[in-house]
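[1] here are the coordinates; sequence isn't available:
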C-alpha cells in the first residue's frame, strides 16, 4: 500500500516548520489538564488549596484525597496516554500503516492476557513485578508476531486481520481463565480490570510502571530516523544504511515495555494510539520521526481529558476509562478505514 | 575509478534459484543497461549488487573488496539504490523525500547541516524538481515522482547508482528525460546500472548492455552485439526491426517467434489456434 490516508494539501510546508510551538502548546495543554484533573472529583475544593495539598500542605483529609487519590490517577493517565500515543506512532511508522495501533493490532489484549495469566496462577501474590512483566511478555509476543507478518511481505489488510485474530485469541483465553476461575470474586476483579481504568490507583502502582513506561518511551524515540527511511520501503531503507533489525527490535521492545506496563496497571485502554497520531500527522508534515514526541504529548492530554470526563459524568456508577476510549475510538477506526484511499491491500 | 563486479554469483529466494554463476563487471563513467525477459533475475542482480540480498555462492566486489566486508553505512555512502515503483508510504513533501538521501551521512542523532541542505538543493536542481520542493509526493505525476526519487538517490552523493526500472510507467517524454539524466550522471564519472524493458531506450542510451535470461548472463557488450537477432529470438522470443536515424541505431520489437530448435524452452504462448 502506498500513500493512503488523504489530508488536505497545505500551502505552506508543515515539514519545514519548527516543532517547538507544537510541543509547547501540547505541554501547556497538559499542564492545564493536569491541574484540572487534580481539581475535579467528588469533593469540591478551592483551586489554591488543591495545589497546596498536592505539596502536603493543609487539611490532612484534603492532603490524603489529593496525594493518594487524585495525584496517582492523574499521573497514570498522563503516562499511559503518552505510552499509547507514542506506541501508536511508532507502530504506524514501522508497519507503514495508519491503522496500526496497540489496541487494534491485539497488542493490548495480549498484554491483558499476560496480566490475567499472572493473576490467575497467583503469581501476582508471590512477585510484585509478576503482572507487569507478564503483560510486557504478552505485548512483546504479539508485536513480534505482527512484525513477522509484515516482514513476510503480507498486505496491510492481512496485518489488520492478523491483529483481529490475535485480539480474538487473547480475549478467548482471557474468557477461558475467567471461566475456569473457581472464585467469582476473582472473575469480578478480572472483568473490572479489563474494562480499563486509572481509578483508585496508588503511588505504588505509579512507581511500579513509571520506570518501564519511561524506558519504553526512550527506546521508541530512538527508532525515529529509521522510521523516516522506511517511508521509502524496506529495501530503500536498508540501502540508506538503516539497520532494519535494530529498528524492529526498538519498536518491539519499546512497545512491549510501554504498552505492557500500561495495561498491567490500568487494564485495556484502546484507540489512543490510533486517534492521536492521525490527528497530529498533518501538523508535523507526515514525517514519522517528527510525529513521535507530539503523539506522546497529545496522548497524555487526550487521556487526561478523557479521565476527567468520566469523573464529571455524575450520573450512575463511574464509567471506566477504557470503555469511553473504545466508544469514541472504534467509530473513528471505522471512519479511518473508509477514508483510506487506495485500499488496504 | 569505481568498479563493481560479481564472480560466480548465485542467489536464491527461499528454495528457488534466481541467479546462477553470474560474473559481470561494471565500471565508472558508463551507463550499463540490464536487460532480459521477465523473471530473468535482473532485479535480483541489482539487489545483490547493493547487498539487499546475500549471495548463495560467489561474491560481489566493490573496488576489489567483497561487499560483506563493508559496514552498512559505508555501503550506503557508495551505492545508491533506486527501487522499482517509487513507493512512499506517507505523503511527505518533495524536499523531505530528497533529504532522506542524506541519511547515510548523518550520525544517529545528528541533524541535517547546511552542507546537507546544499547537497539536497543540488540534487533537486539536477533532476529539475526545485519548483516542486514543497509539493506533497502524492500529488505529483509519474514523471515528477520518478525525478524526485532519482534526486533522493543523488542526494546521497554515491559514486554508484543502481536503478531498477527507472522509466517503467513513464510517458515517452519523461522516459527520454530520465535516460538523459542517467547519461549525464555517467558522464560525470558515476557508475550507472539500470534495469530496462524498453529495448529502444537500451540501444540508444546505454554504453553497454548485459542480457540476462533465466538467472544467467547471456551476453554483454555494446548494443549492436547484445541485441543481435539471435539473442532476441532465444531470450525474448521476439523478432525486431533494426534501423538508424542520423547514425543512431534503433531497435523496434516487431513479432513474437516460436522458440528456436536449439532452445529447450517450452512453448506456452503460441497455440496452434492463435491466428
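    All right, it came through fine. Model, not experiment: these values are computed from the prediction.
[2] Nearest residue to the residue of the stretch 201-345 of chain A found nearest chain B in space, ignoring adjacent ones along the chain?
    When distances are taken as CB to the nearest CB, the stretch 201-345 of chain A reaches nearest to chain B at residue A:241, 3.2 Å away. Yep, even glycine has a C-beta here, placed from its N, CA and C like the rest. Of all residues beyond its chain neighbours, the one nearest residue A:241 is residue B:76 (3.2 Å), with distances taken as CB to CB, 6 or more residues apart in numbering or on different chains.
[3] isn't that neighbour right next to residue B:101, touching?
    No: counting by CB atoms under 8 Å, residue B:76 sits too far from residue B:101 to count as a contact (9.8 Å).
[4] Touching both of those two, which residues are there?
    Jointly contacting residue B:76 and residue B:101 under the rule CB atoms under 8 Å, 6 or more residues apart in numbering or on different chains are A:240, B:156.
[5] For beta bridges, what are the partners of residue B:62?
    Note on residue B:62: beta-bridge partners by DSSP bridges are residue B:4, residue B:65.
[6] remind me which residues of the chain are low pLDDT?
    Let's take chain A. Confidence mapping of chain A against pLDDT under 70 gives the ranges A:1-16, A:153, A:156, A:341-345.
[7] please go with chain B instead
    Within chain B, the ranges that satisfy pLDDT under 70 run B:259-275.
[8] Residues of it that sit close to chain A?
    With CB under 8 Å from any CB of the partner chain as the criterion, chain B meets chain A at residues B:47, B:50, B:52, B:72-73, B:75-77, B:79-81, B:83, B:87-93, B:95-97, B:100-101, B:103-104, B:106, B:108-109, B:133-134, B:136-139, B:152, B:156.
[9] switch to 6 Å and redo it
    Proximity of chain B to chain A, by CB under 6 Å from any CB of the partner chain, involves residues B:50, B:52, B:72-73, B:76, B:81, B:83, B:87-93, B:96, B:103-104, B:134, B:136, B:138.
[10] Those residues in strands, which ones?
    residue B:81 (DSSP state E).
[11] which of the residues of chain B next to chain A count as buried?
    B:50, B:52, B:72-73, B:76, B:81, B:83, B:87-93, B:96, B:103-104, B:134, B:136, B:138 (16 or more other CB atoms under 10 Å in any protein chain shown).
[12] starting at the chain centroid, how far to stretch A:195-211?
    Here stretch A:195-211 is found 14 Å from its chain centre; the criterion is CA atoms, centre = their mean, to the nearest Å.
[13] Now it: buried residues?
    A:195, A:196, A:197, A:198, A:199, A:201, A:205, A:206, A:208, A:209, A:210.
[14] tell me the phi and psi of the closest residue to the second one other than its chain neighbours?
    Read it as residue A:196. Of all residues not flanking residue A:196 in the chain, residue A:322 sits nearest, at 2.0 Å (CB to CB, 6+ apart). With angles defined as degrees, to the nearest 10, residue A:322 sits at phi -60, psi -30.
[15] For residue B:48, give its distance to chain A.
    Here residue B:48 is placed at a distance of 12 Å from chain A (CB to the nearest CB, to the nearest Å).
[16] Break down the stretch 1-150 of chain A into its helices, ranges please.
    When secondary structure is read from DSSP state H, counting those that start in this stretch, the stretch 1-150 of chain A shows helices at A:20-39, A:47-54, A:60-64, A:71-95, A:107-120, A:123-126, A:130-151.
[17] Revised request: answer the last question for the stretch 201-345 of chain A.
    Counting by DSSP H, counting those that start in this stretch, the helices of the stretch 201-345 of chain A are A:203-221, A:224-230, A:234-239, A:244-266, A:272-284, A:288-312, A:321-339.
[18] Identify all contacting residues around the shortest one.
    Counting by CB atoms under 6 Å, 6 or more residues apart in numbering or on different chains, helix A:234-239 makes contact with A:229, A:230, A:244, B:50, B:52, B:81, B:83, all of which sit outside it.
[19] Which one of those residues is nearest to residue B:41?
    Within the contacts of helix A:234-239, proximity to residue B:41 (CB to CB) peaks at residue B:52, which comes in at 13.8 Å.
[20] re earlier: in terms of contact, does the residue of the stretch 201-345 of chain A closest to chain B touch residue B:71 like I think?
    No: using CB atoms under 6 Å as the test, residue A:241 is too far from residue B:71 to be in contact (8.3 Å).
[21] ok, the two, which is more surrounded?
    residue A:241 (20 against 9; other CB atoms under 10 Å in any protein chain shown).
[22] and residue A:24, how many neighbours?
    If you count neighbours by other CB under 10 Å, residue A:24 ends up with 11.
[23] Next: residue A:266.
    Counted with other CB under 10 Å, residue A:266 comes out at 28.
[24] Tell me who's in contact with the residue in chain B positioned nearest to chain A.
    Nearest to chain A, among the residues of chain B, is residue B:76, at 3.2 Å (CB to the nearest CB). Counting by CB under 6 Å, 6+ apart, residue B:76 makes contact with A:240, A:241, B:104.
[25] out of these, who's nearest residue B:230?
    Within the contacts of residue B:76, the smallest distance to residue B:230 is 41.3 Å, found for residue A:240 (CB to CB).
[26] How much space separates that closest one from residue A:230?
    Distance of residue A:240 to residue A:230, computed by CB to CB, to the nearest Å: 10 Å.
[27] who has more neighbours, those two?
    A count of neighbours by other CB under 10 Å puts residue A:240 above the other of residue A:240 and residue A:230, at 28 against 25.
[28] For the more buried one, list the residues it contacts.
    Residue A:240 is in contact with A:229, B:76, B:103, B:104, counting by CB under 6 Å, 6+ apart.
[29] How about residue B:84?
    B:164, B:165.
[30] re the thing from before, show only the entries of the buried ones among the residues of chain B next to chain A found in helices.
    Cross-referencing these against helices under DSSP state H gives B:72, B:73, B:76, B:96.
[31] Let me know the closest of those to residue A:28.
    Out of these, the member with the shortest distance to residue A:28 (by CB to CB) is residue B:96, at 27.4 Å.
[32] Okay, that closest one and residue B:191: tell me how far apart.
    To residue B:191, residue B:96 is 28 Å away according to CB to CB.
[33] what's the answer for residue A:37, then?
    For residue A:37, the distance to residue B:191 equals 61 Å [CB to CB].
[34] Give the residue from those two that has the larger number of neighbours.
    Set side by side, residue A:37 and residue B:191 show more neighbours around residue B:191, with 26 against 22, by other CB under 10 Å.
[35] thinking that one is in contact with residue B:29, fair?
    No: Residue B:191 is not in contact with residue B:29 according to CB under 6 Å; the separation is 7.4 Å.
[36] Can you list the buried residues in the longest helix belonging to chain B?
    Ranked by residue count and defined by DSSP H, the top helix of chain B is helix B:172-187. Across helix B:172-187, burial judged by 16+ other CB under 10 Å covers B:174, B:175, B:177, B:178, B:179, B:181, B:182, B:183, B:185, B:186.
[37] Nearest the geometric middle of chain A, what residue?
    Geometric centre of chain A, nearest residue: residue A:84, 1.7 Å, by CA atoms, centre = their mean.
[38] For chain B, see how far away residue A:72 is.
    Using CB to the nearest CB, residue A:72 is found at 34 Å from chain B.
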